[in-house]
Structures are given as C-alpha cells and as structure tokens.
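S.K.: Give me the fold of what follows.
(chains A and B)
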There are 2 protein chains.
Amino acid sequence: RRHFYGYTGLTLAKWSITIMIGILVGIVAYVIESSQEVIISTKKQWTEDAINQGLHLPLVFFIYASFGISLVLFSSCLVLFWAPAAAGGGVTLVMAYLNGNDIPDFFQLRTLITKCLGTICTISSGLPIGQEGPMVHIGAAIASSLTWMHGRFPTKKRQGSSSSHSSRLCCDRINQLSNKAFPFDFHNDKDRREFISAGTAAGLAAAFGAPIGGVLFSLEEASSFWSRKVMWRSLLCTSCATMVLSWLNKRDFSLSLPGSLSFHGLRPEFSLDDLPLFVVTSGAAGLLGACLNTAHGWLSQLRPSSRHRLLRIIEACSITFIAVGAIFSLPHFFGHCLEIQKEQEDEYWFRYTCPGADSITGVGYYNDLATLFFSVPHQSIQRLLALGSTVDSYFTVQSLCIHWMSFLGLFILAYGIATPGGIFMPSIMVGASFGAFLGRIFQIWLPSANVQPGLHALVGATAMLGGVFRSSISLVVIMVEGTGGIDFILPVILAIVISNWVAHHIHHAGAYEADLERLGEVCFLPSEPPHKLIAITAGDIMAPGVICFNEIVSVAEVVKVLRETQHNGFPVIRRTESDGCGQLVGLILRHQILLLLEQRALMEVDSQLLNRHLAPRISSRQRVTKEQQFYEHAMRVYHHSHYPHRRYLSSRPEALDELDLDEILQEAAPSVANGTGANGNNDQHTEEANNPAKSNSARKTVLALDLRPYMNRAPLTVRGECSAQRVFIIFRTLGLRHLCVTDSSNRVIGMITRKDIGKAQQQLEQSEGKFVLERQE
Amino acid sequence: RRHFYGYTGLTLAKWSITIMIGILVGIVAYVIESSQEVIISTKKQWTEDAINQGLHLPLVFFIYASFGISLVLFSSCLVLFWAPAAAGGGVTLVMAYLNGNDIPDFFQLRTLITKCLGTICTISSGLPIGQEGPMVHIGAAIASSLTWMHGRFPTKKRQGSSSSHSSRLCCDRINQLSNKAFPFDFHNDKDRREFISAGTAAGLAAAFGAPIGGVLFSLEEASSFWSRKVMWRSLLCTSCATMVLSWLNKRDFSLSLPGSLSFHGLRPEFSLDDLPLFVVTSGAAGLLGACLNTAHGWLSQLRPSSRHRLLRIIEACSITFIAVGAIFSLPHFFGHCLEIQKEQEDEYWFRYTCPGADSITGVGYYNDLATLFFSVPHQSIQRLLALGSTVDSYFTVQSLCIHWMSFLGLFILAYGIATPGGIFMPSIMVGASFGAFLGRIFQIWLPSANVQPGLHALVGATAMLGGVFRSSISLVVIMVEGTGGIDFILPVILAIVISNWVAHHIHHAGAYEADLERLGEVCFLPSEPPHKLIAITAGDIMAPGVICFNEIVSVAEVVKVLRETQHNGFPVIRRTESDGCGQLVGLILRHQILLLLEQRALMEVDSQLLNRHLAPRISSRQRVTKEQQFYEHAMRVYHHSHYPHRRYLSSRPEALDELDLDEILQEAAPSVANGTGANGNNDQHTEEANNPAKSNSARKTVLALDLRPYMNRAPLTVRGECSAQRVFIIFRTLGLRHLCVTDSSNRVIGMITRKDIGKAQQQLEQSEGKFVLERQE
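M.R.: Below is the predicted model of the structure:
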C-alpha cells in the first residue's frame, strides 16, 4: 500500500465511504418521502375535486380504494415473488445481523429496491404504516452495498466445472483492475458491521431529521458492538444524510434542522399542577403501547404463513380495503364540519363532504376527521402537536377519540402484512392523537388548569413510543430533534420513564425483542445475560460430543466429517504417549479446511503414524513457507472472494461437492480401508486407531492435511465449572462463534456455540459427534 | 428478603437511591452556582461603587486582589493539608476509578466538602476556572456516599487490640440495626460503579442544565462499563438533578430546560457561502484547543510537586495576583467605553472607569472589556453567543481579541494549581470569545455575507471543546442543550468534526487522556486496544514467575508468601503423580486467604502429605458445610465490612500483622522447620518438598488451609500464544483483574494483571515469584 505522509489512505477511504453512505441515504429518504407526499396529496386533491364535481361518494371510494389496493398488490407481489427479505420493518433483522447472525439475502440489491418501492406504495395506499423502519433497513443495505467497492465479481465456483475457466479468468482480471483502483478490502465482518451501524443510524436520522437521535438509536437499539470510532463515523454519516435531506427539501444550503415533525407556538412552561396530568397521559399512552405489542403478538400467530403467497396477497388487499373503507366512512358519519379560521387557511385542511365556502361570509368549512385521515401523516402529527398554541379549535374531542381508536385498530391489522413498513410513525400518530384527546378532555374538565393539548399530544406520542420500543435516551433525542422542541425535553423524559415503567408490567419486551422471539430462527444475544443462566454451568449448556481433528489428519477423515456434520469449528488436539486423550492445541474453521482442500494443500504421511495419532514434533513457529503465507491470506479473504453468504452455505455438503475431491479420495481410500478394515464403521475405526497393534496394516502412505500452520493456536477456552452466565458474557462481549470447554488437563469436553447458549435449556441431540466423545472416555 | 407481589424491593431501593443522588446533586449544583454568582456580582458591584466614590484604582485593585488571594489561599490550604484528592478537575480520576483503578481517599467525605468549598472559592476569586469538572467529581462522590446506606461503621480492626472489643460490639449492633432498616448491600464493585456512573452524569447535567448531555458524557467519556440499565438510571438521575436545579433557580416547578448558556435571537439559517467561514472558525478553534492541551502538558512539568506545599500555595496565590492584575489593568488600558443602548440596560453591563451617565441625554457608558472580565462567566458567554442577534455593537473587535488572548493565557497558567477547578467553562469562554472575534472580522471583511458573529461564537466554543476533549456526540448534545439552540445542531456537529480532525494532527490525545498519561500511577485501559500490541503475544507481556498454592497449603507457607509479596491473586494448582508440575484448578484472592486466617479456618494435615503436594481426592462439590457457606458470604462482603480501600491496603504487610497470627505460626513452626530443615531457605524448601524422600522428617501434623471450597474454580485462562491485543480486549471488556496464562497442558506459565498490560513493553522484575517458577521447570 502506498504511504503518503504517514497515511495509508485507509482512513480516508473509510471516511469517504461513510460520507457516501450518508449522501445516498439522504437522497433515498428524500425520494421516498417526497414521492409518498406527492401521491397522498394528489389523492386528497383528486378526492376533493371529485366530490366537488358531484361524483357519488361510493364511486369516489371505489376508485380511491382500487388505486390503493393496486399499490399494495404491486408491493406485496414484489415482496412475495422477488425479495421476501424486504417484508416488514427490517429493524429486527438489522439488529440480528449486527448481533452476529447470518441473514440470507437481507442486504441484496433486489431487497433494497423492493424495500424502497414497496415502502412508497404501501404508505401511499393509505395504510397506517411508517417509513422509519424501512429507512433503517435501507440505510443498512446501502452501507452493506458500499463495502463491496473492492468489488470482486462472484467467480461462480459452485456451478463451476473446468469449462467456465475462461470466464473465471476474465472475472479475475476485472477484479484485479478494481482492486488497483480501490485497494481496500472492507468485506470482512468487522468493517461491514461498522459501516452497517453507521448506515442504520443514517437511515433513522434521515427519516426523522434527527442526526443525534439516529446515532443514539444505532447505539442503543440496533448495534450490538460499538466503539468510539463507530460513534464518530455514525455521527458523520447521519449529519451528511440530514444535510443532504435538508438541502433537497429546501433547495438552499440551510443548516437548520429538518426535523420532520417540527412545530411551533407552545409555551414551554407548566406548573406543578400539570404534573399529575402528564403522569396520567404518559401512563395511559405507555399502557396503550404495551397493549399494541401484545396485540401484534397475538395477530402474528393468526396470519397465514409466508408460504401461502396467495393468502398473503388476499390478506394485504383486504386489509387495505378495510382501511380505505374506514377513512371514507368514519369522517362521513362522525366527522364535524368546522369553519376554517383565517390563520389556518392552507392546503392541509380538507373539505370532504362539508359545505363549500359560504358565498356571503366567505367562510370555508373542513371535516376535522377527514383532514386527519386523508393528509400526509407527519403533517397531521405536526397539527396535533401544535394544538393549543394559537388556535384552539382544530379538532373536536369526538373526532380525536374516533381517530385514535380507529387508527390504532387499523395499525394493529396492517402491521404484519407482506409489504415493507414500520411502526414508528403510526405509533407516534396514535400516541399524539390519544394525547391530544386526553389533553382536550383535561382542558374541559379543568378549565382553570391552563392545559395545552399539544403538549399532551407530545407527551402521549413519546410515551406511546416508550411503551412500544422501551428505548430510553434515543427516543428522547429523536422526539426532541424531530419536533425541534428542546424546551420540552423534561416532559419528554418524564413520559419515557413513566411509560416504560407502566409498560413493563403488561408486556415484558419491546417491539424488537418480541419480534426477535417470534422469528425464532435467529439467535439474538442481548447485552445483559438472562438471569436464569446463573444457576447452571458451562458444562450444562455445552454440546458435549465434539469432533476433534489431530494436527495431521487424513483427507478421508476430514471429508467424511465435513460431509456428515454442519459444524463450522473443529478443535485440534494433540495426543501424547502418556495419555490417550488429546490436549487442545488449536481451533480450525470449516472454511479453512475447505480452502486447503480446494488448493490441494496436501501431504503424504505414513499411514501408521497418522493412525496412531502421534503428531511428529515440529515446532510450528519454525518454518513459515511462502505457500503457507499464501494460504493464510487466502483464508482471511475466503468469504469475501466468494459471495456474501458463503459462511452460511459452506456448511452444506454441496460446498464439498464443488471441490472435485473424488480422485483424491479414490487415491486415499485404499490406505484408509486398509487401516481401519473395510466395514467403514466409524466407531470401530477410531477404536482400532487407538490400538494400532491390532490392525496389521501395511505401512502405506496416505494423503493428509497438516492443520498446524493454519489453526488458531490460542483459542479461548473455559472450564466446565464456569458459570453459564459468565460464558454468556464472554461470548457476547468478545463476539465469539466457538468456545471450547475444557477440563483441568486441557482436554476438550465440549463446545459452546451461539445456538447452544440460545437453547441453553433444551438438550441438544448428540447423534453427530458421538464417536469423538466415545473415543475420549 | 421480604417479597411483596414478586418484588424483593431491590429494584425499588436502587431507583430511590438514584433519585436521591439526582436530587442531592441538583441541590449542591445550585448552591455552588448561586454562591459564586452572588460573590462575583457583589465584587463587581462593590468595585463599581468604590470607583464611583472616587477611590484610587490601585487601592480598589489591592482590596479586590487581596480578597481573591485569600479565597484561593483558603481553598489551596484545604486541598493541601486536608484533602489532596480534591485538587484539579477530578474527571480524570473518576474515569480511572470507573475503569477499575483504586483511587485512595477520592470519594471520602472530606474530599467532597473540600471540592465544594474549594470550587466556590476558586471561581469566586476571579481565576479562569470552571465548575463542571468538580461537579462531575462531586456527583460521583455523592453517589459513592449513598452506596454506604447499608452503613456499617468501620470496626477499626487495624488498631484493634482486644481492648476495643466492647466498642466493636457496639458498632456491630448499630450495623445490625441499619441493616434491618435498609437490607440491601450496594457496596460491591459493580453496584458502586453503576451508581457512580449515574452520579457522574448527574454532575455534568446539573452543571450545564443538559440531562441528555450528562448521560452521554458519562457514556462516552467517564464510564468504561455501560449497559442499558445504567443508561436508564443515569437518565433518571440527570433529569432529577436538572429538575431540582430548575426548580431552585426559578422557584416554580417549570419543566423548561434550565440550559445554563441559553440565548435567543439568532436566525437559524445560513447560506452555502457561510460554510467556508464556519470551517475556518472551527479549524482555528480546534487548533487552539489542541495547543491548549500541549501547553498544559508543558506547564505541568514545570509546576512544583505537591510535596512542596508552601511552593504550591505561593504558586496559587501569585497566579491569582497575576489574574486579578490582568482583569484590572487590561480594561483600563485597552477597554472601550461604549454607550449603553436602551435594549441592553441591565445589571450585566459594567461601567468600570468609564464616564457616568450623561446628565443631559441620560446615556450611560460601559467598558466592554471590563464587562467581559468582571461578570459571571456564563453570563458573558451568553452575551457572546447572542452577538449579531438584535444589537450589533456589544463588544469591539479589539476588546474581543484582547479578551480571548489574555483569558487563554490566564487559563493556561491557572489550570493545574492546587485548588479544585475544571476546564470546561474556560474552554467555552475562550472558544466563544475567539469565535466572536473571528465572526466580527468576517463581518467587516465580507459585509455582504450576512455573518452572525454569535453563530461563530457558538461554533468557536464547540470547536474549542472538540479540540480540548475530543469527544463527539456528548459535546454536541451538551452544547445544544446548554444553549437551547437545537436549530444550530448541524453547525455544531460540523464544528466538532472539523476541530477534531484538525486537533489530532497537533496533539494526539484529549485533555483527559493526556492527564491520565501524566498521572502515571493509575493504569487506564482504553476501550480500543493499542495498535502495537498486535505484534506480541500473551507470553511476552505476562509476569512469568507466578506464586501458586496447592489446594491444601500450610499456614506457614501462606503467611510467608503473603508477607513477602503484594500479589492479590494466586493460582491454585493440583499435582498428580504422573507429572511434577501442577495443573491449574482455581484462583484464590488475597482477601479470601486473609479472611480464612482471620477466622482461623484451619485444619490439621499430615505434614508429609502436605509436603509431597499430593492433595487428597475430595470432590469439592460434595460437602458444603454451613461453616463454608458463612466464610463464602463473608468473603463476598469483606471489602464492604471494612473500609473502602481495603483492597488497596490489604496487600500491605500490616494487614497480616493485624491478624495476630504469631501463636499459630509458633505452633506451626516446628513442623515446618522439621519438614524443610531449619535454614528457612525458600528454594531449598521447595526442592526438598519435591523430594520428600530426602527429608527424613517425622510424621507430624501441620496447620493448613483448605482452599478448595473458596477458590474460583473456573478462572479464565489464555494460552501463551494468544495475541496481546486479544488479551487486552478480554481484559478490558470483561473487567478482569487477574488472567492466568497456561500452556497446552493447563500448567500456569504466567499471570497477567492490569499493570502488566499497561507496562507491556517494559520487562517486569522477576525477583518476587522466582521459587515457583523454578519449582515448575
């Protein structure tokens, strides 16, 4: 690498990628936001015009509904037939990825495209669904895509026979060129994770116009691993995203905060009398949030599984139909026609079926409930938060009551259908509407108390978020930045604390944690160890039958083990003459073995020597050949040089089949057969191996792998007596994938992986690794 | 513990302590803030009156200076003769404590009192010193004191002969009573650390009126260990502190933010043209901040050491004299007399030597430089930040220039004298003054650019902080909350990013990191491992000669080892017949052994058995006697039941002398002498011990300790080949104190402690633990 004034350029490259992520996220956020705004406004305008021109309301409804349904249809078809990973909010899976799980297809380009288009369509259709969750996913996906700049074309080795040799050569050349132009490789776990953390932060920041809130969200909720460096990078990324968004929105380079919910006019003071009212509002909204989580949990069990695509599509369309029906019928029957005051004459107010402007007085009317339902959601939230500031009669109490109840119901129905969509904005909407409703009631009951309903709307929205998500400081900052109301930070904090306290009595986990539990297939390790783990030890949770390799191991054995198991890490042991059971000397990973096999890094060893499991005494520090260096480098970039889910896929037998090992195995087979007897019984094989005197085999050479130069020579181990809670902490804080459990003589007695901890209670099947266990004891 | 509706009350107790910390911190912050404000305002008023009454300026100066010097004298005497730990800001040592160091006397009551009084005196004297650092220390100390609520009176065992038996009994009774009233014990490392983290956050939050900023400061700078629980508790603590402060300040229960630097009137917009100007201001202020760090580093080497108390006092007084001289002479010679505009007529503006109000026009005058120097610092900062908002002629360019330069010089001189005092507020003052100066110049040079000097002052202050502290997000939030200017968040972020980038070219570390390096005696492990560690292994940094104990060990040997070494952790090994060197089976801590000795938990063992190092085979899980349970509990509360720095003190030989072990040793001595020969040579002792056949000792019993029931049976180990960087990460993330290094047979080959990592490069002396090493190899 070129050095210039002490720099390798690596830092510069990282910062430029970070800035690029921020800019791209800002642009995407602008596109999503403005296109949905345009569509919703156009629909609203068209409805008003249509009603004005005397069209029958059912006809208007029919056209409106069919437009919405077709949007949702498009969105859910995209999701179901092209990119299933784009469904839902996506924050949960981003969290799971950043926690250390492999999520197939989650960051692919088609998922990204589907997420963008699907979010626009779903929100535009009128469903009570937000863009914040999808923006987080989009930010993460953009960040993930940009780590591919060291872009290797997939060499397609899996279909690869020798015929595609020329195309592989061509790809190699392109790769070489791109590597020269951009000589950095960020496609490893750590760098990817850091960029994705920053992208996540930028996504949320762009959705709310909250640069600090985005960083804190990524820190508190999304990211499992964090450092000052990541904090800096996230901060830069979020501020780029917010600045770009601000610039695109206003078309002048204004550095003022583009908080998407900003409102003005409330008085930032209240007396001691107001405190109980705020406590009531926060508590009630927090309760509502917790109930929402419970309802989502119940409904998710009733929904059709994603395999029944037709059912899923029908579900999405019918829910859209219900939603559109509600927003047409409710205002018609329950909405109030109010006079438009002079100071509120703007495009926001919606006439719907109210009488037109009075020809004599010139006073226009609007339907308050229809205005809330038909408008762009964040504009409605802004109006709710500003209640009580200048004009005091925007919405009637009845309309607010019907609005929050119906919106809540629709929201519970809609979240979980097979389209992209998040729960941030609807939660805020329900909370704000509910808070404004309570504030209005307080105002009527306690006319002397000087209640500001807008402040209660703010508290209600915050408390609702607190009840749903259970985050602390990030929600406070998001609300403060999003609304621009720093003067109200203490009520916001109050709302968060109270709602959280109330909510945890109803439903034990936040929306994301509940989602993770429901998902099942991913294993999420929270930052705090589960309390019950304190009673058991590492020995209780480990998988006891571990397949170990000797330092020099025959190809036949390796291939057999790789084919029969799905393990990714194998302890390497050394047997001395004094004790039959080997001591742990290292750990080798599946992909390292696969690479050694692929590169045919084999050696011929006396079969007797091999079978007696007596590794010749070679100090592994002595000779590091050029070949070994090459292999070691290749191992490090193995996942990169293939395709993103190589780790996930390489544990399947197909990964072995691609290596064309038949000829090697044929060569190796006779000697193995000779050594172990032709019955191929594995247990017998090992038994005989331990008693070389019994097998009267000829001294023949076998093909073997020397694992010593490549294995991790200092794997972390714990004793079987170690508390399971401590194991959890070690696993979580160090981000391990494999942890060997040893006894006091450093013999391997078990292995702990992420799944073992996740399923600590349930007994693991011991079928796979039986023979090593038997060998040892 | 009483259970009520599923609660043990533990959570409630923790939350109530948290709230109490917040309230106390808020009250203390109010007292410090208002008393210094009263003193400074009174001094200012007195000066004005004195000059008005025609006193000679030198006489006024003399009285003013002697008042200031006497304040500083009082403060520094308190520090030097009563509580040396109260000197300086204290943030650095809070960080060191939270990182895992023992800081003697740092959280004691007298330190707390000295810090409070000293801070008031020092700031009131006119020295450019801030209260924010001390507030952080005060918050931490208050939190630490409240964890003592399970208040045991120190039983004073160290002076304890048998005569004080009755007083001990009395103390025990009081302790029993207090334990019944408050049955929770938070005086362990983890709980204390969490409360201190929250107290730290509350201290900073109260100083700035920034609840979120305080939490983020604690997260980003002060605390090394963090969790969601700590975040919640800190948030509650900071909001209590801010609310109490706000209530005390305004005497109505206002939930508006009491940001101590809040200003109003700036327009929150600027065009693309302003960007280069902001970059210039941020860069220059960041540079200034980095230079400040460098200057502090240089000066700290020149200052007299704290042993020369008289020199330290003279230093403090003479610097105060210089400072008062500067703030008297500079305005007199360089200040400008400006007319007081109508909209700015308040008590802030200071006439000094300017002419009085014109009797005809009624126009008063003020000296702009004197106003900046004589006023309460945060009021001056508010005026600087509001520059350009409504009135545009508050301060002249020349005065601003002289102000920031002289203030910077005085600040460099003053920080480091033997009084409490922090660097937050002076940094903000210099930065704001410098930014305002630059903004004024830009305004003159580019009249068309519509420059707002106040915005440049904000950017300058932020960038200065960024250059000095190198924090990211916490500084942004502190500035935004403190100034209440959420509309300016993007310029603030810009300033932080640019100043940091500029500053790290000048001085590699922030003020706290530089302080830590200078302190030397504490070992701070940063969250990121030093890069150079990647090249060496655990074997290179470990202390190789480790003193190990057998599972059953003679009292004589234990006492000898404890007396001769200062180690705190001892590996416990088991020797089998097959190999001479023992395998690691556990780890026992010094205080555990001390407790066993104190309680006389001894057993008689056949001396031959003991000396042959053959531990009888007893499964340690089998029998847990009631006695063992008692000892185990006593070990857990050992540090608590004594006094706070027990761990620190228990490694001194005096700790052993208190145990009155003479009789036991006399009893034990003959048999030991018999076993090893009377020469007492240690090496020979072990040699003979390994060859029991040589020593023809009689079969006699010796007193011994059975360590097995009490030792940690699953200590974490690493292999000698493990990378030192990985060791660092393990040590740091898990918060270890001892880490055993083993070879592939699980034999102890070394030990890594905090200090070994800190001094990784330098070779450790091997004198202490020689004999065990020789025994093993």
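S.K.: Please tell me how far the most centrally placed residue in chain A sits from A:G209.
M.R.: In chain A, the centroid-proximal residue (Cα atoms, centre = their mean) is A:V94; its distance is 1.2 Å. Distance, A:V94 to A:G209, by Cβ to Cβ, to the nearest Å: 20 Å. The way it works is simple: take the backbone N, C-alpha and C, and place the C-beta from them, glycine included.
S.K.: got it, and A:W46?
M.R.: Counting by Cβ to Cβ - A:W46 and A:G209 are separated by 29 Å.
S.K.: ditto for A:F106
M.R.: 26 Å.
S.K.: Likewise for A:V546?
M.R.: 52 Å.
S.K.: Now do the residue of the stretch 301-450 of chain A found nearest chain B, the pLDDT please.
M.R.: Nearest residue of the stretch 301-450 of chain A to chain B, counting by Cβ to the nearest Cβ: A:N450, 12.9 Å away. Looking at A:N450, its pLDDT reads 77.
S.K.: ok, now A:N611?
M.R.: 48.
S.K.: in the stretch 1-150 of chain A, which spans are helices?
M.R.: For the stretch 1-150 of chain A, the helices defined by DSSP state H, counting those that start in this stretch cover A:10-52, A:57-81, A:91-99, A:109-124, A:132-146.
S.K.: Equivalent analysis for the stretch 301-450 of chain A, please.
M.R.: Under DSSP H, counting those that start in this stretch, the stretch 301-450 of chain A gives helices at A:309-334, A:368-374, A:377-385, A:397-414, A:424-445.
S.K.: Then the stretch 501-650 of chain A?
M.R.: A:511-519, A:538-541, A:555-564, A:590-598, A:607-611, A:626-636, A:638-641, A:646-649.
S.K.: Just the mean pLDDT for the fourth one, thanks.
M.R.: Throughout helix A:590-598, pLDDT has a mean value of 81.
S.K.: Can you list the buried residues in it?
M.R.: The neighbour-count check on helix A:590-598 (16 or more other Cβ atoms under 10 Å in any protein chain shown) flags A:590-598 as buried.
S.K.: just the second one next, same as before
M.R.: Using 16+ other Cβ under 10 Å as the burial criterion, the residues of helix A:538-541 that qualify are A:538-539, A:541.
S.K.: What of the first one?
M.R.: Applying a neighbour-count criterion of 16+ other Cβ under 10 Å, the buried positions in helix A:511-519 are A:511-516.
S.K.: and of those residues, the nearest to chain B?
M.R.: Looking across those and measuring by Cβ to the nearest Cβ, the closest to chain B is A:E513, at 11.3 Å.
S.K.: ok, the closest one - contacts?
M.R.: A:470, A:524, A:526 (Cβ atoms under 8 Å, 6 or more residues apart in numbering or on different chains).
S.K.: what's the answer for A:F67, then?
M.R.: Counted by Cβ under 8 Å, 6+ apart, A:F67 has contacts A:43, A:125.
S.K.: Kindly provide the distance from it to A:A370.
M.R.: 17 Å.
S.K.: and what of A:M425?
M.R.: For A:M425, the distance to A:A370 - Cβ to Cβ - is 19 Å.
S.K.: Kindly report the same for A:T320.
M.R.: Taken as Cβ to Cβ, the span from A:T320 to A:A370 is 18 Å.
S.K.: now A:G286
M.R.: According to Cβ to Cβ, A:G286 stands 30 Å off from A:A370.
S.K.: Comparing the two, which shows the higher neighbour count?
M.R.: A:G286 (32 against 27; other Cβ atoms under 10 Å in any protein chain shown).
S.K.: residues in contact with the closest residue to A:C722 other than its chain neighbours?
M.R.: With sequence-adjacent residues excluded and distances taken as Cβ to Cβ, 6 or more residues apart in numbering or on different chains, A:C722 is closest to B:A714, at 3.5 Å. Residues in contact with B:A714, defined by Cβ under 8 Å, 6+ apart, are A:537-538, A:718-723, A:726, B:586.
S.K.: again with A:V492
M.R.: A:V492 neighbours (Cβ under 8 Å, 6+ apart): A:458-459, A:462, A:476, A:479-480, A:485.
S.K.: change it to 10 Å
M.R.: For A:V492, the contacting residues are A:282, A:458-459, A:461-463, A:465-466, A:475-480, A:483, A:485-486, B:211-212, B:239, B:255, by Cβ atoms under 10 Å, 6 or more residues apart in numbering or on different chains.
S.K.: Let me know the angle separating the helix or strand containing it from helix B:10-52.
M.R.: Assigned by DSSP states H and E, A:V492 belongs to helix A:489-503. Angle, helix A:489-503 to helix B:10-52, by axes from the mean of the first three to the mean of the last three Cα atoms, to 10 degrees: 170 degrees.
S.K.: Next, the angle from helix A:489-503 to helix A:424-445.
M.R.: 100 degrees.
S.K.: hmm, back to that, and which of the buried residues of helix A:590-598 is nearest A:I113?
M.R.: Relative to A:I113, the closest of those is A:H591; by Cβ to Cβ it sits at 30.1 Å.
S.K.: Settle this for me: that closest one is touching A:Y631, isn't it.
M.R.: No: at 11.9 Å, A:H591 and A:Y631 do not qualify as touching, with contact defined as Cβ atoms under 10 Å.
S.K.: before we move on, back to that, could you write me a ChimeraX select line covering just the buried ones among the contacts of A:E513?
M.R.: The ChimeraX selection below is limited to those of the contacts of A:E513 classed as buried (16+ other Cβ under 10 Å):
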select /A:470,524
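S.K.: Just put the contacts of A:E513 in TSV and tack on pLDDT.
M.R.: TSV is the format used below for the contacts of A:E513 (pLDDT from 0 to 100):
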residue	pLDDT
A:R470	90
A:F524	82
A:P526	81
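S.K.: Against A:I493, how distant is the closest residue in space to A:W501 that isn't next to it in sequence?
M.R.: The shortest distance from A:W501 to any non-neighbouring residue, by Cβ to Cβ, 6+ apart, is to A:G286 (7.6 Å). According to Cβ to Cβ, A:G286 and A:I493 sit 14 Å apart.
S.K.: and the residue of the stretch 101-250 of chain A nearest chain B?
M.R.: For the stretch 101-250 of chain A, Cβ to the nearest Cβ, closest residue to chain B: A:S239, 4.5 Å.
S.K.: Confirm for me that that residue is in contact with A:G22.
M.R.: Yes: if you go by Cβ under 10 Å, A:S239 and A:G22 touch, sitting 7.2 Å apart.
S.K.: got the contact list for A:R713?
M.R.: So A:R713 contacts A:572, A:585-587, A:620-621, B:537, B:719-723, B:744 (Cβ under 10 Å, 6+ apart).
S.K.: could you flag which of the residues you listed are buried?
M.R.: A:572, A:585-587, A:620, B:537, B:719-723, B:744.
S.K.: Now intersect those with the strands, please.
M.R.: A:572, A:585-587, B:719 (DSSP state E).
S.K.: In JSON lines: those residues, plus distance to B:C354.
M.R.: JSON lines is the format used below for these (distance: Cβ to Cβ, whole Å):
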{"residue": "A:V572", "distance to B:C354": "85"}
{"residue": "A:V585", "distance to B:C354": "84"}
{"residue": "A:G586", "distance to B:C354": "81"}
{"residue": "A:L587", "distance to B:C354": "79"}
{"residue": "B:R719", "distance to B:C354": "76"}
